[in-house]
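[1] what follows is a predicted structure for the sequence shown.
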Amino acid sequence: MDEEKQREVISKKVNYYFEKKADVHIVLDNNRFYNGIIKSIGSDFLIIDERRLGEACVFFAEIKDIEPYEEKERWK
């Protein structure tokens, strides 16, 4: 998938999860990740209320993937 098409897909996912007020898991190009709720969206960035770090700014160009956040049970 070319870069422009991938940015379009990411943008659509961001808008979808923002409207649903869903918890998300965002993976960046450098493999860093954020878990939380998208608080607001700008033209090329979003503000996420990250579970551990508080509010953080993420540029769409940095996002490798975004998906619903699912809390996993570590100890069974």
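    Sure thing, it's come through. Numbers count the residues shown, from 1 in each chain.

[2] from here on, just use CA atoms for contacts and neighbour counts.
    OK.

[3] what residue ranges in the protein score low on pLDDT?
    The model of the chain has pLDDT under 70 over residues 73-76.

[4] just the strands in it please.
    23-28, 33-41, 45-50, 54-59, 63-68 (DSSP state E).

[5] what angle sits between the last one and strand 23-28?
    Orientation of strand 63-68 against strand 23-28 (axes from the mean of the first three to the mean of the last three CA atoms, to 10 degrees) gives an angle of 160 degrees.

[6] in its sheet, what does strand 63-68 sit against?
    With DSSP bridges as the test, strand 63-68 is paired with strand 23-28 (antiparallel).

[7] just send the strands of the chain back as CSV, with distance to residue 6 too.
    Formatted as CSV, these follow (distance: least, CA to CA, whole Å):
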stretch, distance to residue 6
strand 23-28, 13
strand 33-41, 18
strand 45-50, 15
strand 54-59, 14
strand 63-68, 9
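
[8] those strands: which one's closest to residue 1?
    Nearest to residue 1 among these is strand 63-68; the distance by CA to CA comes to 12.1 Å.

[9] tell me the contacts of the residue nearest to the spatial centre of the chain?
    In the chain, the residue lying closest to the centroid (CA atoms, centre = their mean) is residue 26, at 3.6 Å. Shown in contact with residue 26 (CA atoms under 8 Å, 6 or more residues apart in numbering): 33, 34, 35, 63, 64, 65, 66, 67.
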